[in-house]
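Engineer: This is the structure alone, sequence omitted:
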Ligand SMILES: *Cc1c(COP(=O)(O)O)cnc(C)c1O
């Protein structure tokens, strides 16, 4: 039996995607060759990456609106650097809502002045700051839609006069947003889209070309736009699996369908965290993430018992991030509602045994 996989990333992928991906490793398209031993410029693979790019834009409702979808290397962490390299002329505004925002800010500081418009760092990132002003003369505003480590999620985004850049690594394709509000969206594949090794970047072309500095080819978005993500060898397998996952999502009914499922999963778990006398959520209720639910045991002496119980129930990946401890249940798109029910049952069983 497959485990109930609550891993934060790399994370659960749809079983049928894993099945197809494993078949393609052995024999892709009945060509009697493996997907990972053919040229990335072969017709078969070019069709894959084109499909992946068009599915990404289609699911977000961004087709024919001046956006390009790119599959790049280096993870979301590389985008911390590339965003600033390509867009930061004099100063940029950042909202600091978590470990990943903090890292993005650190990277960007090498390229110009960074205005931190607000931060929840002093409170362990347990809420999303809401009262802040984005300077009108900033080159862009950067935020993180979902804070994978702390377990908070931005429920709304500011109206900005400047380009809006967002790290959506851990909640892209999980909920409906007005994606046209954003000028650049990036996401490491391994949270909601595919295996680690590729990063999806959706960029509005008209925000590029406004900085004076020389940008190395590999770090220049324009290079990858001009070469259709084929400037160098793309991560063929991660791109293929991402394409399969996006197709899976489209066939299910797209983001509006999965958002309902995700809301149900989150509601089920948070209701139990709030009801059960042994557990406690650790972030502001209105900012709770539907993707990563963080919680603690009030009585730490129960840790060993609880840990044994959930492991015995076939649950994987429930430990909190090493920087915060406690528990984190990551409920990405591919996690079935049933897995959340299994976790809730274990929480109830623990309570009933005391
Ligand atoms: C995981 C994560 C990252 C880092 O992704 P890498 O692909 O490992 O560089 C950045 N931002 C967020 C929000 C994440 O969840």
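Structural biologist: Nice, thanks for sending it over. Keep in mind the model is a prediction, meaning the values are calculated, not measured. Numbering: from 1, shown residues only.
Engineer: List the buried residues for stretch 193-209?
Structural biologist: By neighbour count on 16 or more other Cβ atoms under 10 Å, the buried set for stretch 193-209 is 193-195, 197-204, 207-208. The way it works is simple: take the backbone N, C-alpha and C, and place the C-beta from them, glycine included.
Engineer: meant to ask about stretch 19-37, not that
Structural biologist: 20-21, 24, 28, 33, 35.
Engineer: Filter those residues down to just the ones in helices.
Structural biologist: If you go by DSSP state H, the buried residues of stretch 19-37 have 20-21, 24 in helices.
Engineer: with those residues in mind, which one is nearest to the ligand?
Structural biologist: When these are compared for distance to the ligand (Cβ to the nearest ligand atom), residue 21 wins out at 19.1 Å.
Engineer: Pull up the per-residue confidence for the closest residue to the closest one other than its chain neighbours.
Structural biologist: In space, and not counting its chain neighbours, residue 21 is closest to residue 241: 4.9 Å by Cβ to Cβ, 6 or more residues apart in numbering. Confidence at residue 241, expressed as pLDDT, is 98.
Engineer: One more: residue 25?
Structural biologist: Listed pLDDT for residue 25 reads 98.
Engineer: re earlier: can you list the buried residues of stretch 193-209 in CSV and add distance to the ligand, secondary structure and pLDDT?
Structural biologist: Formatted as CSV, those follow (distance: Cβ to the nearest ligand atom, whole Å; DSSP: H, G, I helix; E, B strand; the rest coil; pLDDT from 0 to 100):
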residue, distance to the ligand, secondary structure, pLDDT
193, 11, coil, 97
194, 11, coil, 97
195, 11, coil, 97
197, 9, coil, 98
198, 9, coil, 98
199, 6, strand, 98
200, 11, strand, 98
201, 12, strand, 98
202, 15, strand, 98
203, 17, strand, 98
204, 20, strand, 98
207, 20, helix, 98
208, 22, coil, 98
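Engineer: for those residues, which one is nearest residue 293?
Structural biologist: Distance to residue 293, by Cβ to Cβ, is smallest for residue 193 among these, at 20.1 Å.
Engineer: Around the closest residue to the ligand within the stretch 101-250 of the chain, how many other residues sit close by?
Structural biologist: Nearest residue of the stretch 101-250 of the chain to the ligand (Cβ to the nearest ligand atom) works out as residue 188 at 2.8 Å. Look at residue 188: counted by other Cβ atoms under 10 Å, it has 29 neighbours.
Engineer: Can you tell me how far the residue lying closest to it once chain neighbours are set aside is from residue 36?
Structural biologist: Computed as Cβ to Cβ, 6+ apart, the closest residue to residue 188 that is not its neighbour in sequence is residue 76, at 3.9 Å. Per Cβ to Cβ, to the nearest Å, residue 76 is found 23 Å from residue 36.
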